[in-house]
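[1] I'd like to go over a predicted model; first the sequence, then the structure.
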Amino acid sequence: MWFKRDRVSFDEAFHAGAQMATERAASLGLSDADAERFVNEVRDKALDAHAQVVVAALRKNMPSMLRRKRRQYRRFRRWLRRHWGPALDIFYSIAVSAEEIGRKLVNDDAEGTQGAGDPVFSAIAGLHARACRTSLEVHRLLSGGFSMGALARCRTLHELAVVSTILVDHARIPDYDNLAEKYLRHDSILAYKDLLAYQTVASNNGDDDQFSDEEIASMKEERDRLVGQYGQSYLRDNGWAASLFNDRAPTFSDLEKLAELDHLRVHYKWASHEVHADASGWRLNQIDDGDYTFMSTGYTHDGISGPGTMALSSLLTTTLSLIFCRENIYPLDVLSAQTIAGLVGEAESAFDRGAKSIDKLRKEN
């Protein structure tokens, strides 16, 4: 091996070794092509050998490194809870309450007390279940100091709130009484698109794990049947809602306006930058710390309030959609709605206090 002097950098040693290999090739009288091949082989062998040394050193040092990083992270989380703990605790209580409300209503539906097999309830219950899970994901990310990651999940929560609102507002109107059924069956349209994308990649890569011709034909037949029943607009991403827009497949912005949640559009766009690799996401990942600006590569105590309140607003909307989508509403249901709405108000105040606490600390320092 070339790399024996500890005080010589890897790059210096590597280039010195490459020079030695070049001189050796010249002394052997090799042609230009053979000399280049010889030098490249020596380089590759040297890199492979040194990579194994580095990997072994990393494995040896890994336990101590992990202990150190875990101690640092535990200290950070204790510090984060001093400022954000009350708000995060209320957040978790709301997520648990929403899940319990949903579980009770789903159990009632399964027992037939609310009309088993109702597609409107089934559609919104599924959306609400996703909202509960996504809210817990947001809570875990916020509790760990990953506010921008939580913001990305808030984007999903907003979409769930928009769709559930449209279904609860329109799916029981006689002119749109098959809206929930359209929403649920639209999975076949999306699944066929996913199948074609997968099949193309698998075919290009020569994978054996491809769908059979019979499977493809069966899914295409179902897609064509649905298009024949609901129209060409049904092929589009939001085609299930086309009947609400004069048989035109709406954009998501159209859905937001119909749900009267378009006032949250700016928050949705903000969250979208954290999902996509655009230049705004690049800029938003910069953190100003006094005289310094740096790119965030890990956890932070900043930006907890925005995703926290955005997530709870969407979870509340989806939960209310589930409660009031049924044909029979009971006093206990109204009480549940009022309770969770009150808790969301408390959480918003707690997040505001957390943000002020951080601002005060920053000014003191």
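    Happy to help now that I have it. It should be emphasised that the depicted structure is a prediction, and the values quoted were computed from it without experimental measurement.

[2] so where's the stretch 1-150 of the chain shaky on pLDDT?
    The stretch 1-150 of the chain contains residues with pLDDT under 70 at 1-8, 110-116.

[3] which parts of it are helices?
    Ranges of helices in the stretch 1-150 of the chain, per DSSP state H, counting those that start in this stretch, are 10-27, 32-110, 119-143, 147-170.

[4] just list what the second one packs against, helices and strands only.
    Packing contacts for helix 32-110, counted by 3 or more CB pairs under 8 Å, 6 or more residues apart in numbering; DSSP states H and E, involve helix 10-27, helix 119-143, helix 305-324, helix 331-364. Heads up, the C-betas are built off the backbone N, CA and C, glycines and all.

[5] with distance to W79 and mean neighbour count as added columns, please give those helices in a markdown table.
    Shown next, in a markdown table, are these (distance: least, CB to CB, whole Å; neighbours: other CB atoms under 10 Å):
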| stretch | distance to W79 | mean neighbour count |
| --- | --- | --- |
| helix 10-27 | 37 | 14 |
| helix 119-143 | 12 | 22 |
| helix 305-324 | 17 | 24 |
| helix 331-364 | 10 | 15 |
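
[6] most tightly packed of the helices of the stretch 1-150 of the chain?
    Mean neighbour count, computed with mean count of other CB atoms under 10 Å, is highest for helix 147-170 among these, reaching a mean of 23.

[7] CA atoms of that helix as PDB?
    Extracted C-alpha coordinates of helix 147-170, given in PDB (Å, rounded to 0.1, in the frame of the first residue of the first chain):
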ATOM      1  CA  SER A 147     -39.800  20.800  12.600                       C
ATOM      2  CA  MET A 148     -39.300  21.000   8.900                       C
ATOM      3  CA  GLY A 149     -39.900  17.200   8.500                       C
ATOM      4  CA  ALA A 150     -43.100  17.700  10.500                       C
ATOM      5  CA  LEU A 151     -44.100  20.500   8.100                       C
ATOM      6  CA  ALA A 152     -43.800  18.100   5.200                       C
ATOM      7  CA  ARG A 153     -46.300  15.800   6.900                       C
ATOM      8  CA  CYS A 154     -48.600  18.700   7.600                       C
ATOM      9  CA  ARG A 155     -49.000  19.000   3.800                       C
ATOM     10  CA  THR A 156     -50.600  15.500   3.800                       C
ATOM     11  CA  LEU A 157     -52.800  16.400   6.700                       C
ATOM     12  CA  HIS A 158     -54.100  19.500   4.800                       C
ATOM     13  CA  GLU A 159     -55.000  17.300   1.800                       C
ATOM     14  CA  LEU A 160     -56.800  14.900   4.100                       C
ATOM     15  CA  ALA A 161     -58.800  17.800   5.600                       C
ATOM     16  CA  VAL A 162     -59.700  19.200   2.200                       C
ATOM     17  CA  VAL A 163     -61.000  15.900   0.800                       C
ATOM     18  CA  SER A 164     -62.900  14.900   4.000                       C
ATOM     19  CA  THR A 165     -64.600  18.300   4.000                       C
ATOM     20  CA  ILE A 166     -65.700  18.000   0.400                       C
ATOM     21  CA  LEU A 167     -67.100  14.600   1.100                       C
ATOM     22  CA  VAL A 168     -69.000  15.600   4.200                       C
ATOM     23  CA  ASP A 169     -70.400  18.700   2.500                       C
ATOM     24  CA  HIS A 170     -71.500  17.200  -0.800                       C
END
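
[8] now that helix: how far from the chain's centre is it?
    When distances are taken as CA atoms, centre = their mean, to the nearest Å, helix 147-170 is centred 12 Å away from the chain's centroid.

[9] ok so, going back, could you dump the helices of the stretch 1-150 of the chain into JSON lines with distance to A217 added?
    As requested, those are arranged in JSON lines below (distance: least, CB to CB, whole Å):
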{"stretch": "helix 10-27", "distance to A217": "57"}
{"stretch": "helix 32-110", "distance to A217": "35"}
{"stretch": "helix 119-143", "distance to A217": "27"}
{"stretch": "helix 147-170", "distance to A217": "31"}
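
[10] just to be sure, D288 is in a strand?
    Yes - counting by DSSP: H, G, I helix; E, B strand; the rest coil, D288 is located in a strand.

[11] closest one to G149 among the helices and strands packed on helix 32-110?
    Closest approach to G149 among those (CB to CB): helix 119-143, 4.7 Å.

[12] figure out how far the closest one is from the centre of its chain.
    13 Å.

[13] quick one, it and helix 305-324 angle?
    Counting by axes from the mean of the first three to the mean of the last three CA atoms, to 10 degrees, helix 119-143 lies at 160 degrees to helix 305-324.

[14] what's the closest of the helices of the stretch 1-150 of the chain to F252?
    Between F252 and those, the tightest spacing by CB to CB is seen for helix 147-170, at 7.2 Å.

[15] show the average pLDDT along stretch 212-228.
    Averaging pLDDT along stretch 212-228 yields 93.

[16] surely R185 and R225 touch.
    No - between R185 and R225 there is no contact under CB atoms under 8 Å: 9.8 Å.

[17] these two: which is more packed in?
    It is R185, of R185 and R225, that has more neighbours when counted by other CB atoms under 10 Å, with 18 against 12.
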